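1. sequence first, then the predicted structure, then my questions.
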There are 2 protein chains.
Amino acid sequence: LPLYNDSLPTPDQRDWLDVVLVSPRNPLNIGAAARAMANFGFSRLTVVAPFDPHWREAKSAIGAPDLLQNAKRAECLADAVAGCSLVIGTGTLTYRKPEQPVAALPALPALLAERRAPGARAALVFGPEKHGLTREDLALCHLMVEIPTDPAQPSMNLGQAVAVCLYELACHGQAANSQPLPPPSLPAVSGHLDLVAGVVEQAMAASGYSPRAMQAANRHDLTVLLRRLSLSERDARRVLGLFRRILWRLKRTPADNRK
Amino acid sequence: LPLYNDSLPTPDQRDWLDVVLVSPRNPLNIGAAARAMANFGFSRLTVVAPFDPHWREAKSAIGAPDLLQNAKRAECLADAVAGCSLVIGTGTLTYRKPEQPVAALPALPALLAERRAPGARAALVFGPEKHGLTREDLALCHLMVEIPTDPAQPSMNLGQAVAVCLYELACHGQAANSQPLPPPSLPAVSGHLDLVAGVVEQAMAASGYSPRAMQAANRHDLTVLLRRLSLSERDARRVLGLFRRILWRLKRTPADNRK
């Protein structure tokens, strides 16, 4: 029935999206996520800080799809998404109020199509089964997507959540994907935003803006803020240049001149 | 976030649809199907000819949703759907040519709405994991629905297939409801963006970032950039605070230390 295959993403579109599993605890869930990816034609999987025995078990399971053999492994989420210019967190928001914009899953294909830029990459991030993404991991997300579940049972099984999200993207994405808007400029990748955060943080410290007790909170706020701003690569380069210059100048200030 | 609950079916609609699992072999899949039902607000489950030990195991699993305790048991599919006026079979059709009309899953909500009659009931039927519905069971279906999967890996896990189908029915009934939330905070007014631009510009000059010849161009770029970033009032206040601090510090740098 070739009719249906028309609604699957083209190879190019599939290639645009990484699926990222953060510290999955259950090897069956890793396998289920990989299988859903194969069902809907996605192939790029990254697993962050897996528990080694479970990771080996998932990879060696009978019938494990090839993409699981080719999955990348990262030590932390920041590394996993360093090359992505759009990082989308998933999870139930019943118990927390996110700092990012939130989209219901049915709106995601249109949002993705809007934000797509040539050469850009996106990541769809799933947290561990029990508690979902940590506050630190959430800070790396530009956008949260919520599967509209029943308030009486909001929390989904990981493998099922992956299946539902990829189904939505593969099977409802076609109309939205057919004509992506030409974006004004190349969006900055996550790793470059981290460079910016680093140099701004140093300037905060060097200028005495950020008391030591506040530094962790400021770092968090900065990480969130930089994602919300939709900086382009060019913006990121400029901000980086300005803050490096400021830092260089601040560091030439004689010590006795500092408070 | 009550917004999203609007897109779940009303109690009346949920009540209209039975989920029927025919001879599920894996107790984990029975549990996963029941969980997906709870996630998407469905409550009527019938299990046809389960293998008794697995059925008991699924019902007694920790965290099994209530609807599993209330599930009906039938000896054959004909009994299970005897009260339904619309029976919808599911499964991959890669290996067979069905005798019924076939709908792709994204078309199902509209079809269900069309076929609905007062007092009528519908059943969504899932076959056993390995081989799907038999020819005899298929004969009881008015309609087949196919999840548009990749031809290279067409066959879905049972729990994931149930989740994807119920997600489609629950969340694409009223597409208008799936709008992204408005941004969480008050956007900065233009005058405040100009204050930010002014102080950033001074920091550019004071740090020697911006040669005099470039200042007009940088001012322009900065004005445009600040609008594009969608800063909130709170963001603007923070950026202002940081740059004021940096400026104050830069100006304490002795003149002879400047290049």
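-> Noted; the coordinates are in hand. Numbering: from 1, shown residues only, chains lettered A, B, ... in the order given.

2. okay, CA-based contacts and neighbour counts for the rest of this
-> Noted.

3. what parts of the stretch 151-259 of chain A come near chain B?
-> A:151-157, A:159-160, A:163-164, A:167, A:171-172, A:203-204, A:207-209, A:225, A:228-231, A:235, A:241-242, A:245-246, A:249-250, A:252-254, A:257 (Cα under 8 Å from any Cα of the partner chain).

4. if we go to 7 Å?
-> Neighbours of chain B within the stretch 151-259 of chain A, by Cα under 7 Å from any Cα of the partner chain: A:153-154, A:156, A:159-160, A:163-164, A:167, A:171, A:204, A:207, A:209, A:229-230, A:242, A:245-246, A:249-250, A:253.

5. is A:Lys59 in contact with A:Gln69, as I believe?
-> Yes: counting by Cα atoms under 7 Å, A:Gln69 is a contact partner of A:Lys59 at 6.3 Å.

6. between the two, who's got more neighbours?
-> Neighbour tally, A:Lys59 and A:Gln69, criterion other Cα atoms under 10 Å in any protein chain shown: the higher count belongs to A:Lys59, 21 against 13.

7. off-centre distance for the helix or strand hosting the more buried one?
-> Using DSSP states H and E, the element containing A:Lys59 is helix A:52-60. The chain centroid and the centroid of helix A:52-60 are separated by 24 Å under Cα atoms, centre = their mean, to the nearest Å.

8. and it, what does it pack onto?
-> Applying 3 or more Cα pairs under 7 Å, 6 or more residues apart in numbering or on different chains; DSSP states H and E, one finds that helix A:52-60 contacts helix A:27-39.

9. with only the CA atoms kept, save the helix it packs on in PDB.
-> Provided in PDB are the C-alpha atoms of helix A:27-39 (Å, rounded to 0.1, in the frame of the first residue of the first chain):
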ATOM      1  CA  PRO A  27      17.000  -2.100  28.500                       C
ATOM      2  CA  LEU A  28      13.500  -3.000  27.300                       C
ATOM      3  CA  ASN A  29      12.700   0.700  26.900                       C
ATOM      4  CA  ILE A  30      15.900   1.400  25.000                       C
ATOM      5  CA  GLY A  31      14.900  -1.400  22.600                       C
ATOM      6  CA  ALA A  32      11.400  -0.100  22.400                       C
ATOM      7  CA  ALA A  33      12.500   3.400  21.600                       C
ATOM      8  CA  ALA A  34      14.900   2.100  18.900                       C
ATOM      9  CA  ARG A  35      12.100   0.000  17.400                       C
ATOM     10  CA  ALA A  36       9.700   2.900  17.200                       C
ATOM     11  CA  MET A  37      12.500   4.900  15.400                       C
ATOM     12  CA  ALA A  38      12.800   2.100  12.900                       C
ATOM     13  CA  ASN A  39       9.000   1.900  12.500                       C
END
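
10. elements contacting it?
-> So helix A:27-39, by 3+ Cα pairs under 7 Å, 6+ apart, packs with helix A:52-60, helix A:158-171.

11. now do the last one: everything it contacts.
-> Under the criterion Cα atoms under 7 Å, 6 or more residues apart in numbering or on different chains, residues A:7-9, A:29, A:32-33, A:36-37, A:40, A:105-106, A:109, A:129, B:148, B:159-160, B:163-164, B:167 lie in contact with helix A:158-171.

12. equivalent analysis for stretch A:123-141, please.
-> A:17-25, A:77, A:81, A:84, A:86-91, A:158, A:220, A:223-224, A:227.

13. before we move on, the earlier item: the helices and strands packed on helix A:27-39: which one's closest to B:Met214?
-> Closest of the helices and strands packed on helix A:27-39 to B:Met214 is helix A:158-171, at 44.9 Å (criterion: Cα to Cα).

14. chain center to that closest one: distance?
-> That offset, for helix A:158-171, works out to 16 Å (Cα atoms, centre = their mean).

15. what angle separates it from helix B:27-39?
-> Orientation check (axes from the mean of the first three to the mean of the last three Cα atoms, to 10 degrees): helix A:158-171 against helix B:27-39 gives 60 degrees.

16. so, low pLDDT: which residues of chain A?
-> A:1-14, A:93-96, A:174-185, A:253-259 (pLDDT under 70).

17. and the strands in it, which stretches?
-> A:17-22, A:44-48, A:72-74, A:86-90, A:102-104, A:122-126, A:143-146 (DSSP state E).

18. between those, which one is closest to A:Glu114.
-> strand A:86-90 (11.4 Å).

19. and that closest one, what other elements does it pack with?
-> Partner elements for strand A:86-90 (3+ Cα pairs under 7 Å, 6+ apart): strand A:122-126, strand A:143-146.

20. what sits against A:Val239?
-> Contacts of A:Val239 by Cα under 7 Å, 6+ apart are A:Val196.

21. residues in contact with A:Leu222?
-> By Cα under 7 Å, 6+ apart, the neighbours of A:Leu222 are A:Ala197.

22. for it, give its distance to B:Asp235.
-> 10 Å (Cα to Cα, to the nearest Å).

23. cool, and A:Thr149?
-> In terms of Cα to Cα, A:Thr149 sits 32 Å off from B:Asp235.

24. who does the spatially most central residue of chain A bridge with?
-> Closest to where the C-alpha atoms of chain A average out (Cα atoms, centre = their mean) is A:Val87, at 2.7 Å. Counting by DSSP bridges, A:Val87 forms beta bridges with A:Ala123.

25. any idea how many residues pack against the residue nearest to A:Leu240 when sequence neighbours are not counted?
-> Leaving aside its chain neighbours, A:Leu240 sits nearest to A:Val196 (5.4 Å; criterion: Cα to Cα, 6 or more residues apart in numbering or on different chains). Neighbour count of A:Val196, defined by other Cα under 10 Å: 23.

26. quick one: residues contacting A:Val196.
-> So A:Val196 contacts A:236, A:239-240 (Cα under 7 Å, 6+ apart).

27. thanks a lot, see you next time.
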